[in-house]
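S.K.: All I have is the shape, not the residue letters:
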DNA sequence: TTAATAGTTCAATCTGGAATTAACAATGGA
DNA sequence: TCCATTGTTAATTCCAGATTGAACTATTAA
């Protein structure tokens, strides 16, 4: 066990590799070259680092033609990176002072919505009895819920076909409450991005809520911001 | 921000330092020499590593005579180390197979009880209306609760005098539910150790429930194991 | 078929930071 | 007082692991 923790820590601890993990935290998949540019190093070097991250099962890679898209291997990895980021000096103070644009307010976690907004939306879905929290930290989608999601063009039946868990809780490090993850969490984020209710900020996991988004959040989830 | 994450990751990532953090996770304070022995390195070298951990605000040190007692600086640090430990290969499988003795079942988190037992006790306290979950993830101690804690020799009024937050939630990485932390969480752990209801395993955060403990858990918290 | 792009692999080098050596400060007991 | 113990600091050495350079494969487009 001690040897294991040393190994994993050493893998995460290398500056370039930690930056890669940090970069991938926005749920996007990046190519090797893109990551090399972000980390300001050579493609060969990045390739070596990515190989180590893959070997430690921290990353997952999709081959598509001559491209290879790297992304985090699991929510646990995202969780660990988030936890490490809370140790950055001054981050707490920052989070308190500049609200509404920072990552504690509205951000992505892995591939779904997190932060205050993510938690509020999830709570709203539960309050409206669209979701029910079950054992094992899974959510059941109620009959009403299925109607609701279909009404905003998220096909639950289609999501059920996927291998991935449909809806489960994910702990939020800033709010310390649950937010929605799983296939439904991802679908909801995709939908909101696609409808331009929210926009991803470049090189950050922070998310901006558009004016259109404010209205939709009020109408659909009773959230007034 | 990117530079910051690299720095913190590099501090945590060094094998000896990660082992120190891992060791301190059992909430005990260790001296420099003890840590050097655990990590199988020289006192000078350990001293250098401890200085770096201190400088990064990951550790806290108490001077007592010629001894210096090192412990984790905050629950955030414990949380990050726990999160990293979930990335160790096979840990999930292990946790499932050898139950009742491993750290997911019963362990300490920083300075209070965690794992399945920690969560169950907390839920029991809430169900019996001894604790009430409030906003900001704090617990209120009810009048009945105060009587209960006093009856098992935990002086709530005394705990109130302390600067520390009395009772708040702490997220459990294995159970993914809340358990009790804060001054009350610490007092409860101390009390249970002192009464020999539970015992700390050496070099581990795992905790053993004694026979006496089983009986007390059933009587006080309606927990049958 | 050729050229360009994306990405990896392997050997050779280089270097930051850990480990070592030595000296020193502070506490407490005899 | 002396000396053993705990612990730090400062200077030097050393090495694991990152970086670099060159050669290679695979895919796409012209």
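M.R.: Yep, that arrived. Because the structure is predicted, anything quoted here is derived from the model rather than measured.
S.K.: Which positions in chain A make contact with DNA strand D?
M.R.: Listed as neighbours of DNA strand D in chain A under the rule C-beta under 7 Å from any atom of the strand: A:10, A:14-16, A:41-42, A:44-45, A:48-49, A:52, A:65-66. Every C-beta, even on glycine, is put in place using the N, C-alpha and C of the backbone.
S.K.: Which members of those are classed as buried?
M.R.: A:10, A:14-16, A:41, A:49 (16 or more other C-beta atoms under 10 Å in any protein chain shown).
S.K.: so which of those residues also contact chain B?
M.R.: When these are checked against chain B using C-beta under 8 Å from any C-beta of the partner chain, the ones in range are A:10, A:14-15.
S.K.: My reading is that residue A:28 lies in a helix. Confirm?
M.R.: No: secondary structure of residue A:28 (DSSP: H, G, I helix; E, B strand; the rest coil): coil, not part of a helix.
S.K.: Need the max-distance pair from the buried ones among the residues of chain A next to DNA strand D.
M.R.: Across those, the longest distance by C-beta to C-beta is 18.4 Å; it joins A:10 and A:41.
S.K.: So for the residues of chain A next to DNA strand D, which is the shakiest by pLDDT?
M.R.: Lowest pLDDT within the residues of chain A next to DNA strand D is found at residue A:65 (79).
S.K.: From residue A:116, how far off is residue A:180?
M.R.: 14 Å (C-beta to C-beta, to the nearest Å).
S.K.: So between these two, which is more surrounded?
M.R.: residue A:180 (25 against 20; other C-beta atoms under 10 Å in any protein chain shown).
S.K.: Now do the same contact list for the more buried one.
M.R.: If you count contacts by C-beta atoms under 8 Å, 6 or more residues apart in numbering or on different chains, residue A:180 has them with A:112-113, A:118, A:121-122, A:125, A:131, A:139, A:167-170, A:188.
S.K.: same thing but at 6 Å, please
M.R.: residue A:122 (C-beta atoms under 6 Å, 6 or more residues apart in numbering or on different chains).
S.K.: With residue A:41 instead?
M.R.: residue A:16.
S.K.: That one looks like it's in a helix, true?
M.R.: No: the assignment for residue A:41 by three-state DSSP gives coil, which leaves it out of any helix.
S.K.: Kindly provide the distance from it to residue A:50.
M.R.: Taking C-beta to C-beta as the measure, residue A:41 falls 11 Å from residue A:50.
S.K.: what's the answer for residue A:109, then?
M.R.: Distance, residue A:109 to residue A:50, using C-beta to C-beta: 22 Å.
S.K.: The two: which is more packed in?
M.R.: Per other C-beta under 10 Å, whichever of residue A:109 and residue A:50 has more neighbours is residue A:109, with 27 against 22.
S.K.: Which phi and psi values does the more buried one adopt?
M.R.: The phi/psi pair for residue A:109 (degrees, to the nearest 10) reads phi -130, psi 110.
S.K.: Quick one, grab the pLDDT at it.
M.R.: Predicted confidence (pLDDT) for residue A:109: 75.
S.K.: ok, which residues in chain A are in contact with chain B?
M.R.: A:2, A:4-6, A:8-10, A:12-13, A:15, A:18-19, A:22, A:76, A:79-80, A:83-88, A:137, A:171, A:176 (C-beta under 6 Å from any C-beta of the partner chain).
S.K.: at 8 Å instead, please
M.R.: For chain A, the residues in contact with chain B (C-beta under 8 Å from any C-beta) are A:1-2, A:4-6, A:8-15, A:17-19, A:22, A:56-58, A:76-77, A:79-80, A:82-89, A:91, A:137, A:169, A:171, A:173, A:176-177.
S.K.: who touches stretch A:148-163?
M.R.: Applying C-beta under 8 Å, 6+ apart, the contact partners of stretch A:148-163 are A:128, A:130, A:141, A:145-146, A:166, A:183-184, A:187-188, A:191, A:220.
S.K.: ah, wrong one, I meant stretch A:132-144
M.R.: Stretch A:132-144 has contacts (C-beta under 8 Å, 6+ apart) with A:126, A:128-131, A:149, A:156, A:165-169, A:178, A:180, A:182, A:184, B:176-177.
S.K.: Give me the buried entries from the residues you listed.
M.R.: The neighbour count (16+ other C-beta under 10 Å) marks A:126, A:130-131, A:149, A:156, A:166-169, A:178, A:180, A:182, A:184, B:177 as buried among these.
S.K.: Would you mind measuring from the closest residue to DNA strand D within chain A to chain B?
M.R.: As assessed by C-beta to the nearest atom of the strand, DNA strand D sits closest to residue A:65 within chain A, at 2.6 Å. Counting by C-beta to the nearest C-beta, to the nearest Å, the gap from residue A:65 to chain B is 30 Å.
S.K.: Flag the shaky bits of chain A, pLDDT-wise.
M.R.: Filtered on pLDDT under 70, chain A yields the residue ranges A:1-2, A:27, A:90-105, A:136, A:171-176, A:201-205.
S.K.: check contacts around the closest residue to residue A:67 other than its chain neighbours.
M.R.: Leaving aside its chain neighbours, residue A:67 sits nearest to residue A:31 (5.3 Å; criterion: C-beta to C-beta, 6 or more residues apart in numbering or on different chains). Applying C-beta under 8 Å, 6+ apart to residue A:31 gives the contacts A:67-70.
S.K.: Residue A:218 touches residue A:224, doesn't it?
M.R.: Yes: Residue A:218 is within contact range of residue A:224, at 5.7 Å (criterion: C-beta atoms under 8 Å).
S.K.: on that earlier part again, taking the ones next to chain B among the buried ones among the residues of chain A next to DNA strand D one by one, which sit in helices?
M.R.: Of the positions in those, A:10, A:15 sit in helices, assigned by DSSP state H.
S.K.: Can you tell me which of the ones next to chain B among the buried ones among the residues of chain A next to DNA strand D lies closest to chain B?
M.R.: The nearest member of those to chain B, counting by C-beta to the nearest C-beta, is residue A:15 at 4.0 Å.
S.K.: ok, now which ones touch the closest one?
M.R.: Residue A:15 neighbours (C-beta under 8 Å, 6+ apart): B:6, B:9-10.
S.K.: Do you have the helices of chain A handy? List them.
M.R.: Taking DSSP H, the helices of chain A run over residues A:2-13, A:15-24, A:32-38, A:43-55, A:75-85, A:91-97, A:115-127, A:143-151, A:156-161, A:182-194, A:211-221.
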